[in-house]
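Visitor: Pasting the sequence and the predicted model now:
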Amino acid sequence: MQLICHTDALNEGEARGFETAGRALLVVRRQHQFYVYENRCPHRGIRLEWQADQFLDYEKQFIQCATHGALFRIEDGECIAGPCPGERLIPCQFLQQDNCLYLIP
C-alpha cells in the first residue's frame, strides 16, 4: 500500500490532487467521507484541473473538468453534464487507517 495523504490534509468540502505510486489522484472530502479517483477526464484523457487543487465547481457540489466543463458526481464519479454523460471517473481503492489514506494496488 502507498500513502496518499493524511486525512487532515483536506478540510470538509475540499478536493486536492496527489501523486502516489506514479499515479495522479484526486481526493475529495465530503460529508465526512473520502472519495479517491484517478485524475483523468474520461472524455479527453487529460487531468481535470488547470490550477492546482481546483477540482470542484463554484458551488462545490460536483467535480468539474476545467477543459470542457463536464460535471461529475462526487459520490460515484458519473458524468451528469458535458460531452461525456454516463461515463465515469475511475475510482481508486483505498484504505483509511490511523488518520491516513492508503492506495490499494
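Guide: All right, it came through fine. Since the structure is predicted, the reported quantities are computational estimates derived from the model, not experimental observations.
Visitor: And the most centrally placed residue in the chain, how far from D98?
Guide: Nearest to the mean C-alpha position of the chain, by Cα atoms, centre = their mean, lies L26 at 3.1 Å. Counting by Cβ to Cβ, to the nearest Å, the gap between L26 and D98 amounts to 22 Å. C-beta here means a position set from N, CA and C on the backbone, and glycine is covered the same way.
Visitor: quick revisit: now the residue nearest to the centre of the chain: phi and psi?
Guide: phi -120, psi 130 (degrees, to the nearest 10).
Visitor: List the beta-bridge partners for it.
Guide: G17, Y37 (DSSP bridges).
Visitor: for the chain, what are the low-confidence residue spans?
Guide: Judged by pLDDT under 70, the chain has no weakly predicted residues.
Visitor: Centroid-wise, who is the farthest residue in it?
Guide: The chain, farthest from centre, Cα atoms, centre = their mean: D98 at 21.1 Å.
Visitor: Not counting its neighbours along the chain, what's nearest M1?
Guide: Y102 (4.1 Å; Cβ to Cβ, 6 or more residues apart in numbering).
Visitor: Beta-bridge partners for that neighbour, please?
Guide: L3, L95.
Visitor: ok now do it, which residues does it touch?
Guide: 1-4, 94-96 (Cβ atoms under 8 Å, 6 or more residues apart in numbering).
Visitor: One more: E19?
Guide: L25.
Visitor: Just want to check the distance between it and I4.
Guide: Here E19 is placed at a distance of 9 Å from I4 (Cβ to Cβ).
Visitor: can you list residues touching both of these two?
Guide: In contact with both E19 and I4: L25, using Cβ under 8 Å, 6+ apart.
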